[in-house]
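Trainee: Next come a sequence and a model predicted from it.
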Amino acid sequence: MATKNDMPRVHELITELAIFEKEPNAVKITAEDLKLFGFGTNPKFHCFVAEIDDKIEGIALVYPRFSTWNGLVLHLEDLIVSQNKRGHGLGTMLLDKVVVYAEELGAKRVSWEVLDWNEPAIAFYEKKGANVMRDWNVVQLNEEGIKNYLSNK
């Protein structure tokens, strides 16, 4: 499990993922935000880390959700392995941790999104037995969308 002191490196990996996903300016959160929201009496997420030679090279960030069909769901927000460390088994190790944690919580499902063009990730998840539901679309209101929505009421 990650510690507060790990959050600067976790933030670096989140930024690396954003660059990989062609969204280099999308990360608005800071390492200090991660410390604030991930720790204390009511953490908003849990973060697993994978290290090579005492350096964090992968993370899996999760939080609970609720499904009206199934009950407790664990959402995997990001599974990130540093690009130069892929192929060393870190992704499998992190996904294993997430699935064990989900079972410990009594979750009925683990869910996450993957970009449709990220074929290596899709192949990895399908190899692990995940169902990539290509007929569902992700729907979001970002901060600006929330404000616009509320101002148009």
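Mentor: That came in fine, so what should we check first? Predicted model, so just to flag it, every value in this text is computed and none were measured.

Trainee: Which residues does whichever helix or strand His11 is part of contact?
Mentor: Here His11 sits within helix 7-20, counting by DSSP states H and E. Residues from elsewhere that reach helix 7-20, judged by C-beta atoms under 8 Å, 6 or more residues apart in numbering: 2, 24-27, 29-32, 34-35, 38, 47, 49, 55-56, 58-59, 61, 78, 80, 82-83. All C-beta atoms are positioned from the backbone trio N, CA, C, and that covers glycine.

Trainee: Now the buried members of those residues.
Mentor: Among these, those scoring as buried are 2, 31, 34-35, 38, 47, 49, 56, 58-59, 61, 78, 80, 82 (criterion: 16 or more other C-beta atoms under 10 Å).

Trainee: rewinding a little: out of the contacts of helix 7-20, which are inside strands?
Mentor: Judged by DSSP state E, the contacts of helix 7-20 include 47, 49, 55-56, 58-59, 61, 78, 80 as members of strands.

Trainee: In CSV: those residues, plus distance to Asp6.
Mentor: Below are the ones in strands among the contacts of helix 7-20 laid out as CSV (distance: C-beta to C-beta, whole Å):
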residue, distance to Asp6
Cys47, 7
Val49, 6
Lys55, 11
Ile56, 6
Gly58, 12
Ile59, 8
Leu61, 11
Asp78, 14
Ile80, 13
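
Trainee: Which member of those is positioned nearest Ala107?
Mentor: Leu61 (15.3 Å; C-beta to C-beta).

Trainee: what's the distance between that closest one and Tyr149?
Mentor: Distance, Leu61 to Tyr149, using C-beta to C-beta, to the nearest Å: 27 Å.

Trainee: ok, now Met133?
Mentor: From Met133 to Tyr149 the distance is 26 Å (C-beta to C-beta).

Trainee: what residue is smack in the middle of this structure?
Mentor: Residue closest to the mean C-alpha point of the chain, counted by C-alpha atoms, centre = their mean, is Asp78 at 1.8 Å.
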